[in-house]
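*Asks:* Here is a sequence together with a model predicted from it:
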Amino acid sequence: MIKPLISGRDRHFVRRGSRSRALEAARANKNVATEATDLRPLQLVFLAAAVFVVSAGYGALMPLLPAWLLQQMPESSASEVARHVGFLSGAYTFGVVVAAPIWGWISDHLGRPRVLMVGLVGYVASLLLLLVPMDGLWTIYMLRAAAGVFVAAVVPVVPALISAHTPSAQRARRFAWLGAASLLGFLFGPGLNTVADGLATLITKGAALAPLSAHIVIVLSAVLGAAMMLGLAMTLPAHEIALETETPEKALRDRTGIESLWWLSIAVMFVLSGFELGIVLQGGQHTNLTTQQVAYMFAECSLVMLAVNALLFFTSLLDKIPARIIIAAGSVIAMSGLAMLALHQSNEWMYIGVSLTSAGTGLILPVIAFLAAGAATHRLGTTMGSLATAAGLGQTLGSLAGGWLFGAMAQLSFAWLALPQLLTLILLLCRPAWWADVAELPVTGAA
């Protein structure tokens, strides 16, 4: 029998030394990869623009839906059209709710760049198919749901891609600004209506103006989506960096924090979706409120939220003030704006109500993105997918409730939309420890 050249004890130390060297090499490779694959400014611009474009595409059609549906259903009453506007918005967001966690999981396992490109291709195709003559409302419902399914491949995957290629010291700030870009697109999209109305006026007049304007908005949204596809195809990073090691303590903090963020996403998106739908429907219920004024109100929302984001991140308030304090302040401001919208007697007061509601929700949404930035890298797609599902669920419920409320109660419906924010404020007061966990999620320093 030939004895081994190395004893069992020696083999133990050799193996242990090899493992130590392997771990040190892996850490070194990870650090090198992290710095070598940091995203260039142009890559960040296209990734943020992709989220902006799909959000803008949703908001762009909203102000035109009532007049467009009235062309499809000439015998319908105003309340019936209002319900269909809400249900179509709900069909879109239902697609996001169902598909976001699935796309997030697929991206974690099969590659995020591929999933992102599939989502953009499907989004553009679902828009262009709206230009085909419709055979009943069910076709519109199917296409809007399909658009939501493909947008769900963009919403969670872009943040996951950014995090996978971002040094930890810059991750939180980039996530927060990405959330702001999404919301800005969601509210800025109706600004395309002004361009579409101007082009449609040059081509036709009368009853054909509304459907032509809607078609132009669809084409403009599809063109923007196609431009993002080309830009991302040329700039997407080819490889993803090594994943960080996750401790059991970090996993527990992530699970605790994400449960609170789910509720917060549902509540604020319920309010925002119903509020936006209410602005659209107010244009049909008030004879002195024109489509152009509705578009101005959406632009006002965008500017107010942009100002709020600038306040939060240029002054580093999120590093200085506990998140639960900012959430409480945002809830109070949003409820004040909704109360003013419910009781307003003139367009001037309505503009003030829109500003307050936008400022309140604009304070809360960046907090969600800021806190979510600390999730484990290897679960980012799934984590962001679950948050997109929560936001989509809130948006769906807000659209459905808003369509029904404004058809039944008109202007007073704004007051009922404040209930989720009131419940959030009560939870902040009654369960401070729960929200303290959210505020202590692991987030790193500013970029």
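*Replies:* Happy to help now that I have it.
*Asks:* quick one, what contacts the residue sitting nearest the centre point of the chain?
*Replies:* Most central in the chain under Cα atoms, centre = their mean is residue 182, positioned 4.9 Å from the mean C-alpha point. Residue 182 is in contact with 51-52, 55, 155, counting by Cβ atoms under 8 Å, 6 or more residues apart in numbering. C-beta: built from backbone N, CA, C; applies to glycine.
*Asks:* one more time with 7 Å, if that's ok
*Replies:* 51-52, 55 (Cβ atoms under 7 Å, 6 or more residues apart in numbering).
*Asks:* and the gap between it and residue 88?
*Replies:* Relative to residue 88, residue 182 is positioned 21 Å away (Cβ to Cβ, to the nearest Å).
*Asks:* which one of the contacts of residue 182 sits closest to residue 339?
*Replies:* Checking those against residue 339 by Cβ to Cβ gives residue 55 as the nearest, at 27.1 Å.
*Asks:* so which helix or strand takes in that closest one?
*Replies:* helix 41-61 (DSSP states H and E).
*Asks:* buried sites along that helix?
*Replies:* Buried residues in helix 41-61, counting neighbours by 16 or more other Cβ atoms under 10 Å, are found at 43-44, 46-61.
*Asks:* okay, now residue 344: neighbour count?
*Replies:* Residues lying near residue 344 (other Cβ atoms under 10 Å) number 18.
*Asks:* Can you tell me the closest non-neighbouring residue to it?
*Replies:* residue 350 (4.7 Å; Cβ to Cβ, 6 or more residues apart in numbering).
*Asks:* ok, now residue 89?
*Replies:* That would be residue 399: by Cβ to Cβ, 6+ apart, it lies 3.6 Å from residue 89.
*Asks:* can you pull out the helices in the stretch 151-300 of the chain?
*Replies:* Counting by DSSP state H, counting those that start in this stretch, the stretch 151-300 of the chain has helices at residues 157-164, 168-188, 192-203, 209-235, 248-285, 291-314.
*Asks:* Next, the angle helix 41-61 makes with the first one.
*Replies:* So the one you mean is helix 157-164. For helix 157-164 against helix 41-61, the angle by axes from the mean of the first three to the mean of the last three Cα atoms, to 10 degrees is 160 degrees.
*Asks:* chain center to helix 157-164, what's the gap?
*Replies:* Remark: helix 157-164 is offset 14 Å from the chain centroid, using Cα atoms, centre = their mean, to the nearest Å.
*Asks:* and it, C-alpha only, in PDB?
*Replies:* Extracted C-alpha coordinates of helix 157-164, given in PDB (Å, rounded to 0.1, in the frame of the first residue of the first chain):
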ATOM      1  CA  VAL A 157     -35.300  45.100 -14.700                       C
ATOM      2  CA  VAL A 158     -33.900  48.600 -15.200                       C
ATOM      3  CA  PRO A 159     -33.300  49.200 -11.500                       C
ATOM      4  CA  ALA A 160     -31.800  45.700 -11.200                       C
ATOM      5  CA  LEU A 161     -29.400  46.400 -14.100                       C
ATOM      6  CA  ILE A 162     -28.400  49.700 -12.600                       C
ATOM      7  CA  SER A 163     -27.700  48.200  -9.200                       C
ATOM      8  CA  ALA A 164     -25.700  45.300 -10.700                       C
END
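*Asks:* Which strands and helices lie in contact with that helix?
*Replies:* Applying 3 or more Cβ pairs under 7 Å, 6 or more residues apart in numbering; DSSP states H and E, one finds that helix 157-164 contacts helix 41-61, helix 78-110, helix 112-128, helix 168-188, helix 380-408.
*Asks:* Same list, the ones you listed, but as JSON lines with distance to residue 259 and mean pLDDT please.
*Replies:* JSON lines is the format used below for the helices and strands packed on helix 157-164 (distance: least, Cβ to Cβ, whole Å; pLDDT from 0 to 100):
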{"stretch": "helix 41-61", "distance to residue 259": "24", "mean pLDDT": "86"}
{"stretch": "helix 78-110", "distance to residue 259": "15", "mean pLDDT": "83"}
{"stretch": "helix 112-128", "distance to residue 259": "25", "mean pLDDT": "91"}
{"stretch": "helix 168-188", "distance to residue 259": "19", "mean pLDDT": "71"}
{"stretch": "helix 380-408", "distance to residue 259": "10", "mean pLDDT": "77"}
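*Asks:* Distance to residue 367 for the ones you listed - can I get that in TSV?
*Replies:* As requested, the helices and strands packed on helix 157-164 are exported to TSV (distance: least, Cβ to Cβ, whole Å):
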stretch	distance to residue 367
helix 41-61	18
helix 78-110	20
helix 112-128	25
helix 168-188	8
helix 380-408	12
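*Asks:* between those helices, which one is nearest to residue 265?
*Replies:* Using Cβ to Cβ, the helices and strands packed on helix 157-164 put helix 380-408 closest to residue 265, at 4.0 Å.
*Asks:* hey, which of the helices and strands packed on helix 157-164 is tucked in deepest?
*Replies:* For those, average neighbour numbers computed from mean count of other Cβ atoms under 10 Å are highest in helix 380-408, which has a mean of 25.
*Asks:* tally of neighbours for the closest residue to residue 39 other than its chain neighbours?
*Replies:* Computed as Cβ to Cβ, 6+ apart, the closest residue to residue 39 that is not its neighbour in sequence is residue 165, at 4.9 Å. Here the count is done by other Cβ under 10 Å, and residue 165 has 25 residues near it.
*Asks:* So residue 165 sits against residue 47, correct?
*Replies:* No: using Cβ atoms under 7 Å, residue 165 is not in contact with residue 47; the gap is 9.4 Å.
*Asks:* And for stretch 198-216, what's in contact with it?
*Replies:* Here stretch 198-216 has contacts from 61, 64, 67-68, 71, 131, 196-197, using Cβ under 7 Å, 6+ apart.
*Asks:* May I see the PyMOL selection of the buried members of those residues?
*Replies:* Burial among those is assessed by 16+ other Cβ under 10 Å; the matching PyMOL selection reads:
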select buried, resi 61+64+67+68+196+197
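*Asks:* Between all of the contacts of stretch 198-216, which two are separated the most?
*Replies:* The distance between the two most remote of the contacts of stretch 198-216 (Cβ to Cβ) is 17.8 Å, for 131 and 197.
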